[in-house]
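Visitor: I'll drop the sequence and a predicted model, then ask my questions.
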Amino acid sequence: MSITLREQYEEKEKLLLSGRACLSSASRGRSVAEDEDDVRTCFQRDRDRIVHAQSFRRLKHKTQVFLAPAGDHYRTRLTHTLEVSQIARTIARALALNEDLTEAIALGHDLGHTPFGHAGERALGELSPYGFKHYEQSVRVVEKLEKNGEGLNLCDEVKNGILCHTAGEEAYTLEGQIIRIADKIAYINHDIDDAERAGVIREEDIPLELRMKLGMSKSKRINNMVLDVINNSADKIRMSEECYSNFMELHDFMFVAVYRNPVCKSEETKAVAMIKKLYEYYTAYPEKMPSEYVKIAEEEAVERAVCDYIAGMSDNYSVKVFNNLFVPKFWHEA
C-alpha cells in the first residue's frame, strides 16, 4: 500500500531535522483524538486552523502600541504576529528545527490579547477575580472559545508554546522557546519603527554606543539579534549574555522614551475607563452578551464570561459596543 503525502513528509523530517527538533510524528497529540490528514502533518493542520480562526482575523483591529493609529503603516497585533512568525521561522530553519510547529505557535501566541494592547490586559487583570494574562487567554481561546465552544483541538506542543511565550516556565520544545525570543526581537524593533513614524523618537535618539553594538538600523538590529540566537543556541534557545544585556538596555530606553511617553499613551486612560465600564455593565447584565458567552456565564462564572467577551473584542468593536450602550443617539426626523 502506498504511503500518504503526510507520511512522506514525516519521513523527510526524520532525515532533515535536528535530533533536538520536535517531529510531527512524535507529537504528544490532541485532547480529542482525530484521524490523521492524508496531506498535512499535525502541526501544519494546527497552523491552518489558527489562520482560519475568527480570533486570528480580529487581530488586525487590535492595538500593538499606538491606540487607533490613523496611518496605514503602524503595526497592529496581526502584523506583529506575522513579524514574529517570520523571525521565528528563520531561526527554526537555521537550527534545523520544526518550522511548521514554530509557525503554528507564532501565529497563535497572541490570540487572547485584549483590545487596546497591554492597557486592556492590565485593566482586565485588575477587574477580574481570576486575574488576566493574555498568554493564558490565548490558550483558552484555542481550547474553549473558538468554533462556538468546541475549540481548535490543537496539539499539546502548540498550546504549550503559546502558554509559555511570555513569562514563567519555558516551553518544553525548542520550537516553543524560539517564540519567546522572536517575540522580543520583533516588538522592540517594530516599536522603534512605529515611534519614529509617529515623531516620538528619532533613530539618533537611541544611545550611539547601543546602536553600534546592536545595529545602526532596524533591519541590522533584527539581523544581528537573529544571528546571535542562531550562534548561541543548542540544547536551549538563547541569546548571548552580551546581546541580551544590550537588548535589555534598549528595552529600558524604550520604556522611558516610548512605552511611558504621554504622546503614545494619551488615549490609554479613556480606553481603560471604557473597558471598566463595559465590564461593570456585563457583569450586572450578563444576559445582554451574545449567547455563547451567556452559556459560559451559566457553566462557569459571569466574571469569566465577561472577560472572555471583552478580551475577544477588537478596538473598533469595543468602541462600537460602548457607544451603543452609553452614548445617547440623536433623534432623526422621519
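Guide: Right, received. Where do you want to start?
Visitor: how far is stretch 205-224 from where the chain is centred?
Guide: Mean-position distance between stretch 205-224 and its chain equals 25 Å (Cα atoms, centre = their mean, to the nearest Å).
Visitor: contacts for it?
Guide: 87, 185-186, 189-190, 192-193, 203, 225, 242-243, 246-247, 249-250, 253, 257 (Cβ atoms under 8 Å, 6 or more residues apart in numbering). In short, each C-beta sits where N, CA and C put it, glycine included.
Visitor: again, only this time at 6 Å
Guide: Under the contact criterion Cβ atoms under 6 Å, 6 or more residues apart in numbering, stretch 205-224 has outside partners 189, 193, 246, 249-250.
Visitor: Ends of that stretch, what's the gap?
Guide: End-to-end distance of stretch 205-224: 20 Å, with Cα to Cα, to the nearest Å as the criterion.
Visitor: before we move on, what about stretch 187-206?
Guide: Criterion Cα to Cα; first-to-last residue distance in stretch 187-206 is 16 Å.
Visitor: Now, of the contacts of stretch 205-224, which are buried?
Guide: Restricting these to buried positions leaves 189, 193, 246, 249-250, with burial counted as 16 or more other Cβ atoms under 10 Å.
Visitor: So which of those is the closest to residue 314?
Guide: Nearest to residue 314 among the buried ones among the contacts of stretch 205-224: residue 193, at 22.5 Å, using Cβ to Cβ.
Visitor: I'd like the list of the contacts of stretch 205-224 that fall within strands, please.
Guide: Among the contacts of stretch 205-224, DSSP state E puts none in strands.
Visitor: just to revisit the earlier point, need the worst-confidence member of the buried ones among the contacts of stretch 205-224.
Guide: Least confident by pLDDT among these: that is residue 193, with 91.
Visitor: For the nearest residue to that one once chain neighbours are set aside, give its distance to residue 189.
Guide: Excluding its sequence neighbours, the residue lying closest to residue 193 (Cβ to Cβ, 6 or more residues apart in numbering) is residue 218, at 5.3 Å. Noted for residue 218: a distance of 5 Å to residue 189, by Cβ to Cβ, to the nearest Å.
Visitor: circling back: would TSV of the buried ones among the contacts of stretch 205-224 with distance to residue 147 be doable?
Guide: Formatted as TSV, these follow (distance: Cβ to Cβ, whole Å):
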residue	distance to residue 147
189	34
193	35
246	43
249	44
250	40
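Visitor: Helices of the stretch 1-150 of the chain, start to end?
Guide: Under the criterion DSSP state H, counting those that start in this stretch, helices of the stretch 1-150 of the chain are mapped to 5-16, 42-51, 54-58, 77-94, 99-108, 117-127, 134-140.
Visitor: Helices - which of the contacts of stretch 205-224 land there?
Guide: Among those, the members falling in helices (DSSP state H) are 189, 193, 246, 249-250.
Visitor: Would you check how far apart residue 325 and residue 318 are?
Guide: Remark: distance between residue 325 and residue 318 (Cβ to Cβ) = 11 Å.
Visitor: ok, the two, which is more surrounded?
Guide: Per other Cβ atoms under 10 Å, whichever of residue 325 and residue 318 has more neighbours is residue 318, with 23 against 13.
Visitor: OK, contacts around that one?
Guide: Residue 318 neighbours (Cβ under 6 Å, 6+ apart): residue 115.
Visitor: Now do the SS call for it.
Guide: Following DSSP: H, G, I helix; E, B strand; the rest coil, residue 318 is assigned to helix.
Visitor: Tell me how far it lies from residue 274.
Guide: Noted for residue 318: a distance of 7 Å to residue 274, by Cβ to Cβ.
Visitor: Name the residues contacting each of those two.
Guide: Taking Cβ under 6 Å, 6+ apart as the criterion, residue 318 and residue 274 do not both touch any residue.
Visitor: I'd guessed residue 258 sits against residue 194; true?
Guide: No. The criterion here is Cβ atoms under 6 Å, and residue 258 misses it with residue 194 at 8.4 Å.
Visitor: buried stuff in the strand or helix carrying residue 211?
Guide: Assigned by DSSP states H and E, residue 211 belongs to helix 208-214. Judged by neighbour count using 16+ other Cβ under 10 Å, the buried positions of helix 208-214 are 210-211, 213-214.
Visitor: what would the residues you listed look like in CSV with distance to residue 118 and pLDDT?
Guide: Below are those laid out as CSV (distance: Cβ to Cβ, whole Å; pLDDT from 0 to 100):
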residue, distance to residue 118, pLDDT
210, 24, 95
211, 26, 96
213, 27, 97
214, 23, 97
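Visitor: Closest one of the residues you listed to residue 111?
Guide: For the buried residues of helix 208-214, the closest approach to residue 111 (Cβ to Cβ) belongs to residue 214, at 30.0 Å.
Visitor: List just the nearest of the buried ones among the contacts of stretch 205-224 to residue 178.
Guide: The closest of the buried ones among the contacts of stretch 205-224 to residue 178 turns out to be residue 189 (Cβ to Cβ; 16.4 Å).
Visitor: how close does residue 115 get to residue 314?
Guide: Using Cβ to Cβ, one obtains 6 Å as the distance from residue 115 to residue 314.
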